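Colleague: following is a predicted model, sequence given first.
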Amino acid sequence: MSILEVKNLTKQFGGLTATSDISMGVEKNSITAVIGPNGAGKTTFFNMITAVYRPTSGDILLNGKSLVGLKPHQVSKFGITRTFQNIRLFNEQTVLDNVLVGMHQRLKGHWVGTLLHFPNVKREEENAKIEAYKILEYVGLEEYVNENAGNLAYGAQRRLEIARAIAAKPKVLLLDEPAAGMNPKETQKLTDLIHDMRTRLDVTIILIEHDMKLVMKISDFIYVLDHGELIASGVPEEIRNNKRVIEAYLGKGAVLNG
Amino acid sequence: MREQISKFSQSPKAQAIFFAAYVIVTALGLYLMQTSVIAFLLLLFSILILYYLKLKTRTKWLIGLFIIAVVVPLVASQGPSFQSYMEVGTLVGIYAAMSLGLNVVVGFAGLLDLGFIAFFAVGAYTYAIFASTQASHFMPFGHYPLPGDTFWLFILIGAIIASIFGILLGIPVLRVRGDYLAIVTLGFGEIIRIVLNNMDHPINITNGALGISSITPPNFLGIPIGNSSQFYFIVLGIFLVVIYIVTRLEHSKLGRAWKAVRDNEIAAQASGIPLVKTKLAAFAIGASFSGMMGAVFAAKQMYVDATSFTYLESTMILVMVILGGMGSVPGVILGAAVVTILNTQVLTDLSNWLTQLSTNGVISIPDALSPAKMQRLIFGILLVVFALYRTQGLIPHKNRKINVEKLKKEASEAPGGALLSKERAETGGTD
C-alpha cells in the first residue's frame, strides 16, 4: 500500500509550469528516488509535499489524508520531514540544539511549565538531550555536540541535517540531494546510513539525487522528471534501459557502465 | 614567576580575596567621598569583575545581589548625592529590563523592532490614566485616581496590556521580513506616540499634548513611595524577575524555537515550529517587560506625556542591545548600564567640568564647541569605536555548553532508547 500518494500535481509560477500533472505512489518503507536533469522540477515537487509551496492543482495524500493547504510545520507534525539541497542548518546554534529543534513538535512542555520549574518539563528536556545525543551518535557526530553547526565540515553538515530530520520521528523522510558535494568515501557511508535508517527507524525515504551510482544502488523504485513532467517510472533496471530517460538525462555512459 | 602569577590569578580563593578587597576599597572610597561619581562607578564595576570570576554561578548571584541591594545603597546613603545615585541605578534597571525585552525580539527571534518604546509608553499610560483623575473623564464607574496600593497590580496589568499590543503589532508585521519589518515597527512606534499625543478628543483619554500630571505615587503597606532610593528596590525586584524569565526561556523549547526562526525560517518550519505563534510569543514577552517598567516609570516621574517616547528612545534601547551583544543576556545588561551611565552621569559630568574650566578661564573653548553640545558627538564617537572594535558586542553571545561526558554516560545507561537502539550503526561513524 502506498504511504504517500500524489495525484495530478501541478505548480505554476506565473506563466511558468514547474511541474505538471505528476502522479505517483510511494510504498511504505521503501527507498524511492526522484531524478531528472537540472530544472526538472524535483525540488519544487519536494517543496509542495512539505507545504513550502501550495500546489496550483492536484492532491498530496499521506496515508489517505490530504496535506494540501496545511502549513509547513503541520506537515512536519503529520510525519514528513526533510533535508535541503542548499544546507539549511541553524548555524549559530550548537549541534545538539539543532537536533533538539528537530524534536520540537514531539516535546510537550509548555513555557509556563518551564518558568515554574515543573518537574515533568525538566525531565522531558533531560530525556530529549539524551535522545538527541543518541541520534548524533547514530549519524556519527557525537564529538561535535557543543560545536556551532555553522563550523562543521560540509559532509558533517549534511549528516546533521539528516539527524535533525529524523529527530522528529518521521514516517516519510525527504532527502534533497544528500550526496551533493561528497567524495566517494562519504557517499558510500551515506548510502549505508540511508539503508540502515530504513530498517532501523522504519521510515519511508524519498530522495532527489544526481549521483546515479548511488541512486541505482539503493532505490527500490525511481521516478524520472523532465521539464516538470513525469517521463518514466520503474525499478532501477527498467530506468537504466528506458530510452526516454537516457535521452533526457543519463546519457549513453550510464548504459555502457551499468 | 609569570606562571605563578597566572596560577595565582586562576585560583578561586585568590580571586575571591582580590574581589573582596576591591569591593571594600571602592565602597570605602564612596563612603568617604560621597560626591565622587568615579568612586560610585568603580563600585558598580565590581559587578562586571564578579561576572568574570571563577566561582559557582549561584555564589556569584548571591554576592552580586548583596552588592547591588545592600552595599551600594548603604554606602551611598551618607551624602547629598544619594538620591541621584539611586536615580541612576533605577534608570539602569529600567533600561536593562527593556533591553532584555528587546533582546528577546531582536537577539533571540531575529525580528528587528525599531518601535520598541511604544510598549513602554503603553505601560506608562496605563498606570498614569488610572492613577490620576484622567480616568474619570471617560470611565463610567469607579473613583479615580486609584489609590497607590493598586500600583503593584498595575505592574502586572501594564505587562499584560503591553503584551496585547505586542501581539497586535505582531499580526500585521508577520507578513513582512527583514528591512520591511524594521520599517513597519518604526511606523508602529510613531503611531502609538502620535495617538497618545492626540487622544484628548473627542473623548479625553490621554489628555493629549498636555500629558497626565499628579499621578498617585505607589504605596507600600501604607508608606508612600516617592524617592529614587525606594524605586530602586522596586526596579531591582522587577529586573530580577525579568532576568529569571529570560534565562529560563532562553534554554527551553521556546528559546530554541526563537533562535531557529532567526537562523533559518524555512528549516524551522520544516522542523515543526509554528512561525506565527513563535514570533508572536517573542513580541508579547518582550513587550511585557517594557510594559512593567513603563508603569514604574509613570509612578516615578508622576507625570507622563508623549515626548518621553520618541523614536530616539527606541534607538537607544536598540543601541544597548547591539552594543552589549545581541542575544547575550549579560551583554545586554552591561550595554544598558554603559549607555545609561554614559548619558546620565559620565558625559554630563564631563561637559559640566569642561564648562566650569572654561568659565574659570583655565581653558578656552569656542562657543561653537561648547561641551554641552558635544555630549551627543562624544556618545556617537564612542558607539562607532565600539562597533568597529567589538563587533560582537561587549560580552558576545556564547552558546551554552553541555557536559558531554555526563550526557554520554546518561545515554549509555538509558534504556533501549525511544528512537534508536543502543548499538551504534556500523556505518555512520566519522574517521
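Modeller: Received, thanks. Numbering: from 1, shown residues only, chains lettered A, B, ... in the order given.
Colleague: which ones are touching residue 167?
Modeller: All of this is about chain A. Going by CB atoms under 8 Å, 6 or more residues apart in numbering or on different chains, A:Ala167 touches A:99-100, A:102-103, A:131-132, A:135, B:419. Using the backbone N, CA and C atoms, a C-beta is placed for each residue, glycine as well.
Colleague: oops, wrong one, chain B.
Modeller: By CB under 8 Å, 6+ apart, the residues touching B:Ile167 are B:280, B:283-284.
Colleague: so can I have JSON lines of those residues showing neighbour count and pLDDT?
Modeller: Formatted as JSON lines, the contacts of B:Ile167 follow (neighbours: other CB atoms under 10 Å in any protein chain shown; pLDDT from 0 to 100):
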{"residue": "B:Leu280", "neighbour count": "21", "pLDDT": "94"}
{"residue": "B:Phe283", "neighbour count": "28", "pLDDT": "95"}
{"residue": "B:Ala284", "neighbour count": "23", "pLDDT": "95"}
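Colleague: now the longest helix seen in chain B: buried residues?
Modeller: If you go by DSSP state H, chain B has its longest helix at helix B:275-301. Neighbour-count burial for helix B:275-301, counted by 16 or more other CB atoms under 10 Å in any protein chain shown, picks out B:275, B:278-300.
Colleague: after it comes which helix or strand?
Modeller: Next helix or strand after helix B:275-301 toward the C-terminus (DSSP states H and E): helix B:311-324.
Colleague: can you pull the buried residues of that following helix?
Modeller: Buried-residue list, helix B:311-324, by 16+ other CB under 10 Å: B:313-314, B:316-324.
Colleague: what's it in contact with?
Modeller: Here helix B:311-324 has contacts from B:95-96, B:98-99, B:102-103, B:106-107, B:113-118, B:120, B:186, B:189-190, B:331-336, B:338-340, B:343, B:383, B:386-387, B:393-395, using CB under 8 Å, 6+ apart.
Colleague: what sits against the residue of the stretch 251-400 of chain B found nearest chain A?
Modeller: In the stretch 251-400 of chain B, the residue that lies nearest chain A is B:Gly272 (3.2 Å; CB to the nearest CB). When contacts are counted by CB under 8 Å, 6+ apart, B:Gly272 touches A:73, A:76-77, A:81, A:102, A:104-105, A:168.
Colleague: for A:Lys169, give its distance to chain B.
Modeller: A:Lys169 sits 6 Å away from chain B, taking CB to the nearest CB, to the nearest Å as the criterion.
Colleague: doesn't that residue belong to a strand?
Modeller: No - going by DSSP: H, G, I helix; E, B strand; the rest coil, the assignment for A:Lys169 is coil, not a strand.
Colleague: which residue is nearest the middle of the chain?
Modeller: You didn't pick a chain, so chain A it is. For chain A, A:Leu174 is the residue whose C-alpha lies nearest the centre (CA atoms, centre = their mean; 1.8 Å).
Colleague: that's the wrong chain, I meant chain B
Modeller: Geometric middle of chain B (CA atoms, centre = their mean) lands on B:Ala96, at 1.8 Å.
Colleague: isn't that one up against B:Val329?
Modeller: No - judged on CB atoms under 8 Å, B:Ala96 makes no contact with B:Val329 at a distance of 10.1 Å.
Colleague: touching, B:Met98 and B:Gly291? I think so.
Modeller: No - using CB under 8 Å, B:Met98 is not in contact with B:Gly291; the gap is 9.8 Å.
Colleague: anything in contact with each of the two?
Modeller: Contact criterion CB under 8 Å, 6+ apart; residues shared by B:Met98 and B:Gly291: B:Phe120.
Colleague: all helices in the stretch 101-250 of chain A, in order from the N-terminus.
Modeller: For the stretch 101-250 of chain A, the helices defined by DSSP state H, counting those that start in this stretch cover A:111-115, A:119-139, A:154-167, A:184-200, A:212-218, A:236-240, A:243-245.
Colleague: can you tell me the closest non-neighbouring residue to A:Arg164?
Modeller: Nearest-residue entry for A:Arg164: A:Gly102, 3.7 Å, with adjacent residues in sequence omitted and distances by CB to CB, 6 or more residues apart in numbering or on different chains.
Colleague: and the host helix or strand of A:Ala18, what's buried?
Modeller: Using DSSP H and E, A:Ala18 sits within strand A:16-27. Under the neighbour-count criterion of 16+ other CB under 10 Å, strand A:16-27 has A:17-20, A:22, A:24-26 buried.
Colleague: any chance of a markdown table for those residues, columns pLDDT?
Modeller: Formatted as a markdown table, those follow (pLDDT from 0 to 100):
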| residue | pLDDT |
| --- | --- |
| A:Thr17 | 89 |
| A:Ala18 | 90 |
| A:Thr19 | 90 |
| A:Ser20 | 89 |
| A:Ile22 | 91 |
| A:Met24 | 92 |
| A:Gly25 | 93 |
| A:Val26 | 94 |
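Colleague: which one of these is nearest chain B?
Modeller: Of all the buried residues of strand A:16-27, chain B sits closest to A:Ala18, with 17.3 Å by CB to the nearest CB.
Colleague: does chain A have contacts with stretch B:238-245?
Modeller: Yes - contact of stretch B:238-245 with chain A (CB under 8 Å from any CB of the partner chain) involves B:244-245.
Colleague: just the CA trace of that stretch, in CSV.
Modeller: Written as CSV, here are the backbone C-alpha positions of stretch B:238-245 (Å, rounded to 0.1, in the frame of the first residue of the first chain):
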residue,chain,number,x,y,z
ILE,B,238,11.2,43.5,38.6
PHE,B,239,14.6,43.3,37.0
LEU,B,240,15.4,40.1,38.8
VAL,B,241,12.1,38.6,37.6
VAL,B,242,12.9,39.6,34.1
ILE,B,243,16.3,38.0,34.2
TYR,B,244,14.8,34.9,35.6
ILE,B,245,12.2,34.7,32.8
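Colleague: closest point of the stretch 1-150 of chain A to chain B, which residue?
Modeller: Closest point on the stretch 1-150 of chain A to chain B, by CB to the nearest CB, is A:Gln105, at 3.2 Å.
Colleague: quick one: that residue from A:Glu124, how far?
Modeller: Distance of A:Gln105 to A:Glu124, computed by CB to CB, to the nearest Å: 13 Å.
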